[in-house]
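Participant: Provide a 3D model corresponding to the input given below.
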Amino acid sequence: MTRRRRAVMAVILGGLTAVGVPVANADAGGHAAAYDEFYRQNVSWSACDDRGLPLDCTGVTVPIDWARPNGSTITLKVRRHKATGTRHGSLLTNPGGPGVSGVRYLAEAARTWSGAVTSGFDLVSWDPRGVGESAPLTCPDEADAALRAVDSSPDTLAERKRQEAAVSTWVRQCRAASGPLFDHVDTLSNVRDLDVLRAVLGEAKLSFLGTSYGTRIGIWYADTFPTRIGRMVLDSAVDPASDNKAFLNGQARGVERALDDYLAGCADRAGCPFSETQGRAEVAKLLRAADSRPAEQEELVSMMAALLRSPRYWPGLDGQLAKIQAGDHSAIQPTDAVDIANLAINCLDLPDRRTARQVLTDANRTARSRPVFGYEFTSGTMCPLWPNGGGVKTVTARGSAPILVIGTTRDPATPYEWARSTAKHLANGRLLTRDGSGHAAYGDNACVTEAVDRYLLDAVLPAAGTVCAG
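Facilitator: Numbering: from 1, shown residues only. As a prediction, this is how the structure comes out:
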């Protein structure tokens, strides 16, 4: 199964759509009788651990297609870390991706999150449908090999059409290998799963902390089940008004800003191989040099996007890029940032009906304002070839409890504009700003962490307009 970055659908997130899931009257105070067996199931927890950290594990059954609850089912893998002090309830969390394993992430959260939160809440996470240990999607090796043979950053219309033909074949083969679930890993189906988890845990209200793509889950849950929210934190929020084109443009804008910040600090890092004034041209030259080796170019862009995410990674990026400049291409290591689940979830969620010509026209337009990464992030998108994609749906979550939205002004993966859009669209959203660089502020910024803890534990929101120094 491929775990490569295809057309830089990497790191996270995006706009939100409804794909074949009945949601009318979903928050009328209960659920349809057809769903009783899922909401009322009894689960058995067993002891498990992660490097000595005691955890509980279980499986929760959900339908493959929420519109057909009497059809086939899958089992979601779920983990729990029990509160170490006076318990306030369960706090569910998703770390992003899409495609990142929640059960593997849980131990990290339990070890690194604020002691006040781990003391007061059972931390619970799960592998979303199609991800990790929850009926993972799969692709035949030969299908991956054929897709890797084409340029994922096409320069001409002929190259784009060759890529589209390869993508169509690959999607068809992956769909056949994955079975019916392939068409039902959209975020709105995941939202319905999350509501079952809430009920199985015995919680009348959901407390949730989503990061990056995890905020997409939170936004759609809030809009689908507004009165079932207790506390909700959306850290590094996505834009609920985005389609695939806007999503890719936003990611390109974020990474380009991060590159500016990275280069601005070169004078202070002895290992940086660039100057601030010439650095952009030198990085662009490295990408152009790799264009004749599509797989290498793809991995180089993916590696840079991942390591530009936080200033703490920049010294490591210095060393990698210095090696590449010196001709040592072994420094370009494959990234584990994305797999078939990432593509399937994003492409089901993010509508894109553009032709090959329109994709390249838009990519060239994006490149004029984001000259280093704009074309790389936008020209090879696979979503126009995806079957059964949805359409953008307006969200308001009217009637919900207050929702805390966190945005970082120079976030390289989920631009600050997305967090502002989320807070604006949510009827009861409150924006908390971190002024600085980096992705995911909770646990990384003391001011943000303190504000989130106070909200989760005491239901006290930060004052409107609060800005935390980065």
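Participant: mind listing what's buried in the helix or strand where residue 259 lies?
Facilitator: Assigned by DSSP states H and E, residue 259 belongs to helix 244-264. By 16 or more other C-beta atoms under 10 Å, the buried positions in helix 244-264 come out as 244-263. Backbone N, C-alpha and C define where each C-beta goes, glycine included.
Participant: same question for stretch 443-452.
Facilitator: For stretch 443-452, a neighbour-count test (16+ other C-beta under 10 Å) marks 443, 444, 445, 447, 448, 449, 451, 452 as buried.
Participant: just read off the phi/psi values of the closest residue to residue 54 other than its chain neighbours.
Facilitator: Distances taken as C-beta to C-beta, 6 or more residues apart in numbering put residue 47 closest to residue 54, at 6.9 Å, once the chain neighbours are dropped. When read as degrees, to the nearest 10, the backbone of residue 47 gives phi -70, psi 140.
Participant: give me the number of residues near residue 47?
Facilitator: 8 (other C-beta atoms under 10 Å).
Participant: likewise residue 204?
Facilitator: Residues near residue 204, counting by other C-beta under 10 Å, number 9.
Participant: now do residue 206
Facilitator: When neighbours are counted by other C-beta under 10 Å, residue 206 registers 25.
Participant: can you say which helix or strand has the nearest residue to it once chain neighbours are set aside in it?
Facilitator: What sits nearest to residue 206 in space, not counting adjacent residues and going by C-beta to C-beta, 6+ apart, is residue 198, at 4.7 Å. In the assignment (DSSP H and E), residue 198 maps to helix 187-200.
Participant: could you dump that helix to PDB, C-alpha only?
Facilitator: Extracted C-alpha coordinates of helix 187-200, given in PDB (Å, rounded to 0.1, in the frame of the first residue of the first chain):
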ATOM      1  CA  THR A 187     -15.800  12.800   7.200                       C
ATOM      2  CA  LEU A 188     -19.600  12.900   7.700                       C
ATOM      3  CA  SER A 189     -19.600   9.100   8.100                       C
ATOM      4  CA  ASN A 190     -16.800   9.500  10.600                       C
ATOM      5  CA  VAL A 191     -19.000  12.100  12.400                       C
ATOM      6  CA  ARG A 192     -21.700   9.500  12.800                       C
ATOM      7  CA  ASP A 193     -19.200   7.100  14.100                       C
ATOM      8  CA  LEU A 194     -18.000   9.600  16.700                       C
ATOM      9  CA  ASP A 195     -21.500  10.100  18.000                       C
ATOM     10  CA  VAL A 196     -21.700   6.300  18.500                       C
ATOM     11  CA  LEU A 197     -18.400   6.500  20.500                       C
ATOM     12  CA  ARG A 198     -19.900   9.200  22.600                       C
ATOM     13  CA  ALA A 199     -23.000   7.100  23.400                       C
ATOM     14  CA  VAL A 200     -21.000   3.900  24.000                       C
END
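Participant: now for that helix, which elements pack on it?
Facilitator: Identification of packing neighbours for helix 187-200 by 3 or more C-beta pairs under 8 Å, 6 or more residues apart in numbering; DSSP states H and E yields helix 36-39, strand 53-63, strand 73-81, strand 89-94, strand 121-126, strand 206-211, helix 213-224, helix 340-349.
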